[in-house]
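>>> Let me see the structure of the following:
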Amino acid sequence: ITNIKKTYYLKKREVMLLSFGFLDEKNLIPKFINWLDRIKFKKKIFIVVSKKTKNYKKIVTLEKKSTHIKVLSNLDNLDKIYKKCYFSIGAGGIMSFERIFYRIPSILVSTDNNQLNNIHYIKKNKLGYFLGKYNKINFYKFNKIFFNFINKKNLTKIFNSCKKFTAHDSPNNIFNDLIK
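Okay, here's the model as predicted:
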């Protein structure tokens, strides 16, 4: 993370990132693909998930049925992926801070209680939206939050907050603030 400030950012980002940790232990990826299909979201989607995840075959089947979904697995580095993404939906773990450093606005889902401090910090600093805990979310809540979130004005605000945030705060300051 400490080298992220030295990276360049693509001016035109056209991909949505979908990732709930490399193992997607709560089986959220198929649920969100279904929800995105229901709202007729047809922009390019990168799904980052390990081939070792228990629902990998189901995810690949969904990819094959779509022209706009690409599953990416067993990656050593997400730098090239992050640089192409203009927003994401994902868990509130460590990857949520990576996305902030790459200036990627995020809708967050808590997949474990250990993510709640991260999510609180992100909400407090207006760096993303919180959809809810994985077992408390539903399509209607997602639909409402998603369309509010992807409004260009709101995405731009979050993007600028991420940009300002990464310009003023180093990763060490953020993590020190989290463990207080």
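
>>> Going by C-alpha atoms from here, please, whenever you check contacts or count neighbours.
OK.

>>> Surely residue 139 and residue 34 touch.
No. The pair residue 139 / residue 34 is not scored as a contact, 9.4 Å apart, by C-alpha atoms under 8 Å.

>>> For the longest helix anywhere in the chain, give the mean pLDDT please.
Longest helix in the chain by number of residues (criterion: DSSP state H): helix 152-168. The pLDDT scores in helix 152-168 average 83.

>>> low-scoring pLDDT stretches of the protein, where are they?
Scanning the chain for pLDDT under 70 picks out the ranges 1-11, 167-180.

>>> in the longest helix of the chain, what's buried?
Within helix 152-168, the residues that count as buried by 16 or more other C-alpha atoms under 10 Å are 155, 158-163, 165-166.

>>> just how off-centre is that helix within its chain?
In this view, helix 152-168 has its centroid 15 Å away from the chain centroid, taken as C-alpha atoms, centre = their mean, to the nearest Å.

>>> how many other residues sit next to residue 124?
Residue 124: 10 surrounding residues under other C-alpha atoms under 10 Å.

>>> Please shift the residue numbers so they start at 241 in all later answers.
Fine by me, first position is 241 from now on; the one you just mentioned is residue 364.

>>> Give me the distance between it and residue 370.
11 Å (C-alpha to C-alpha, to the nearest Å).

>>> Pretty sure residue 395 sits against residue 345.
Yes. Residue 395 is within contact range of residue 345, at 6.5 Å (criterion: C-alpha under 8 Å).

>>> what's the overlap in contacts for the two?
Taking C-alpha atoms under 8 Å, 6 or more residues apart in numbering as the criterion, residue 395 and residue 345 both touch residue 327.

>>> Now do the strands in the chain.
Using DSSP state E, the strands assigned to the chain run over residues 255-259, 285-288, 309-312, 325-331, 346-350, 368-373.

>>> For the second one, name the packing helices and strands.
Contact analysis of strand 285-288 by 3 or more C-alpha pairs under 8 Å, 6 or more residues apart in numbering; DSSP states H and E lists strand 255-259, strand 309-312 as its packing neighbours.

>>> let's go with 10 Å and repeat that
Here strand 285-288 touches strand 255-259, helix 268-278, helix 296-304, strand 309-312, helix 319-322, strand 325-331, going by 3 or more C-alpha pairs under 10 Å, 6 or more residues apart in numbering; DSSP states H and E.

>>> and the fourth one, which strands flank it?
Put plainly, it is strand 309-312. strand 285-288 (parallel) (DSSP bridges).

>>> list the contacts for the nearest residue to residue 359 once chain neighbours are set aside?
Using C-alpha to C-alpha, 6 or more residues apart in numbering and skipping residues adjacent in sequence, the residue nearest residue 359 is residue 332, 5.7 Å away. Residues near residue 332 by C-alpha atoms under 10 Å, 6 or more residues apart in numbering: 260-261, 346-360, 362, 370, 373.
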